[in-house]
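J.: coords below, sequence missing:
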Ligand SMILES: [Zn+2]
């Protein structure tokens, strides 16, 4: 069999070998400074965000990360952000607009963290506000699904002018395990679920959910390639009149 | 009570007879039983004010002096052709008398004109499909065009799994039209009904200028079972009830159904007149 089964892609998207969001951010941005806190409640380390420059152009980068050399998987709930993480992202998006900095989001999350405290602190509300703000952001906004793109927790940071996805990534309404449980009452049928869910980049690009597939990056040279693509896209968007850029973004999502 | 031989006692049998759903309505919140024929016109519990779930048409009848529906013909695309899904759609259409899970149109409430949408929880759990999203998006666009406020009653289990990632995209699509409506300086009242969860909560339900709910409505993002299964937490009974959300600052007000019409017309009148409508 030459064609990879969809579920293998799921495993690769979740793999521990996947490039870490923190590594990616620090390799693509020069002088990156992490910025903490939502100014209201706390600081969720699952959202790794800050400012840096991309070939001399200041940018705001917001990532959702799994465990790495700095935080454990448990610290970041395996890449599931809490409301204060989303609130931090919202704060930094507004700040990016104020200083006319493009926004780049790098996503690797199985979904927003489901717990009681998260409900009390407005998980749903904050995701709704990120979508609303992202849609109207007056600066270029590029979203990249790096590993897992799980449901509303991923969509919160994936309403950019364009949405790219790494070769070994998935983007879906829920996990294949969840899908099999809800629709077939049998979580062991996740493999089968992955097949029907159309969650691989090849499937997603056909549906217009994503615009581009990015080859996996591991080496510095490969990351440089990715960085060059980001820079080109950013420059293309920066050259566009603001109203035209926003209209194109609106049209992209209105079409679904 | 169950007898030693495992058979129900006569009292138990009587109790079961009394529980026949055709005759009795049992309040899911306080357990109060209401003889169906005696339920008030608002279909609320006299003890705790819980509002029994309403279909979309019933809500419109309760609220509007007149109502002109829009986009009744919009339905899910033929590409969604899984037989089980089609069966569910058919059943939902029969039960609700609607092609999709939301009824929308232009109506008036005590003479105040508004674009009004009501999601119907009986339509595949009020799930947000592509056609549901389309109808809601068109409602916001129509309201923007006509300079009207939007009142949207949500009742939804979240995204419609059967339509996959395109269902997720409806959260973004509707948000786009909410953004444009808002940029035009128009009022959006989001009215959260029992139950409002998942992707609907994480998008347009929580984007209102004003967010209202009914007593004891279930409102949340992650489902109770997901929380129990994923992180082995046992959430308190009322953790996603309207009263809890109000306490945590996510609702403007909880309004008894008996006061719905009066409250909405008051709010609409406060947003009329002045420079805004000249
Ligand atoms: Zn009651």
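T.: Structure's in. What do you need? As the structure is a computational prediction, the values presented were derived from the model and not from experiment. Numbering: from 1, shown residues only, chains lettered A, B, ... in the order given.
J.: In contact with residue B:121, which residues?
T.: B:53, B:55, B:155, B:156, B:157, B:193, B:194, B:195 (CB atoms under 8 Å, 6 or more residues apart in numbering or on different chains). C-beta coordinates here come from the backbone N, C-alpha and C atoms, glycine included.
J.: Out of these, which sit inside strands?
T.: B:155, B:156, B:193, B:194, B:195 (DSSP state E).
J.: low pLDDT regions in the stretch 151-256 of chain A?
T.: Within the stretch 151-256 of chain A, no range satisfies pLDDT under 70.
J.: where do the helices sit along it?
T.: Under the criterion DSSP state H, counting those that start in this stretch, helices of the stretch 151-256 of chain A are mapped to A:151-155, A:176-184, A:190-197, A:201-206, A:220-239, A:242-254.
J.: so how far is the fifth one off the chain centroid?
T.: I take that to be helix A:220-239. Here helix A:220-239 is found 17 Å from its chain centre; the criterion is CA atoms, centre = their mean, to the nearest Å.
J.: go on, the fourth one?
T.: Remark: helix A:201-206 is offset 16 Å from the chain centroid, using CA atoms, centre = their mean.
J.: In it, which residues are buried?
T.: A:201, A:203, A:204, A:205 (16 or more other CB atoms under 10 Å in any protein chain shown).
J.: Pick the most deeply packed of the helices of the stretch 151-256 of chain A.
T.: Most buried of those, by mean neighbour count (mean count of other CB atoms under 10 Å in any protein chain shown): helix A:151-155, with a mean of 29.
J.: and the closest residue in space to residue A:95 that isn't next to it in sequence, helix, strand or coil?
T.: Leaving aside its sequence neighbours, residue A:95 sits nearest to residue A:60 (CB to CB, 6 or more residues apart in numbering or on different chains; 6.9 Å). For residue A:60, the assignment made with DSSP: H, G, I helix; E, B strand; the rest coil gives strand.
J.: now residue B:116
T.: Residue B:116 ends up strand, using three-state DSSP.
J.: OK, contacts around it?
T.: B:60, B:63, B:64, B:67, B:104, B:105, B:106, B:107, B:150, B:151, B:152, B:153.
J.: so it bridges to which residues?
T.: Counting by DSSP bridges, residue B:116 forms beta bridges with residue B:105, residue B:151.
J.: That one and the ion: what is the separation?
T.: Counting by CB to the ion, to the nearest Å, the gap from residue B:116 to the ion is 27 Å.
J.: still on that earlier bit, a markdown table for the contacts of residue B:121, including neighbour count, distance to residue A:176 and pLDDT?
T.: Output for the contacts of residue B:121, formatted as a markdown table (neighbours: other CB atoms under 10 Å in any protein chain shown; distance: CB to CB, whole Å; pLDDT from 0 to 100):
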| residue | neighbour count | distance to residue A:176 | pLDDT |
| --- | --- | --- | --- |
| B:53 | 19 | 31 | 95 |
| B:55 | 19 | 34 | 95 |
| B:155 | 30 | 28 | 97 |
| B:156 | 28 | 23 | 97 |
| B:157 | 19 | 19 | 95 |
| B:193 | 26 | 31 | 98 |
| B:194 | 23 | 30 | 97 |
| B:195 | 23 | 25 | 97 |
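J.: Of those, which pair is most distant in space?
T.: Farthest pair in these (CB to CB) is B:55 and B:157. Separation: 15.5 Å.
J.: residues in contact with the residue of the stretch 101-250 of chain A found nearest the ion?
T.: Nearest to the ion in the stretch 101-250 of chain A, going by CB to the ion, is residue A:119, at a distance of 22.9 Å. Contacts for residue A:119 (CB under 8 Å, 6+ apart) come out as B:220, B:221, B:222, B:227, B:235, B:239, B:240.
J.: how about the third one, what does it touch?
T.: With contacts defined as CB under 8 Å, 6+ apart, the neighbours of residue B:222 are A:112, A:114, A:115, A:118, A:119, A:123, B:198.
J.: Next, it: secondary structure please.
T.: Residue B:222 - assigned by three-state DSSP - is coil.
J.: wait, isn't residue B:207 in contact with residue B:172?
T.: No - using CB atoms under 8 Å, residue B:207 makes no contact with residue B:172, being 11.8 Å away.
J.: And the ones in strands among the contacts of residue B:121, which is closest to chain A?
T.: Ranked by distance to chain A (CB to the nearest CB), these are led by residue B:156 at 11.7 Å.
J.: who does that closest one bridge with?
T.: Here residue B:156, judged by DSSP bridges, has bridge partners residue B:196.
J.: Against residue A:252, how distant is it?
T.: Going from residue B:156 to residue A:252 by CB to CB, to the nearest Å gives 24 Å.
J.: Then residue B:143?
T.: 22 Å.
J.: picking that back up, which of the buried residues of helix A:201-206 lies at the shortest distance from chain B?
T.: residue A:204 (7.0 Å).
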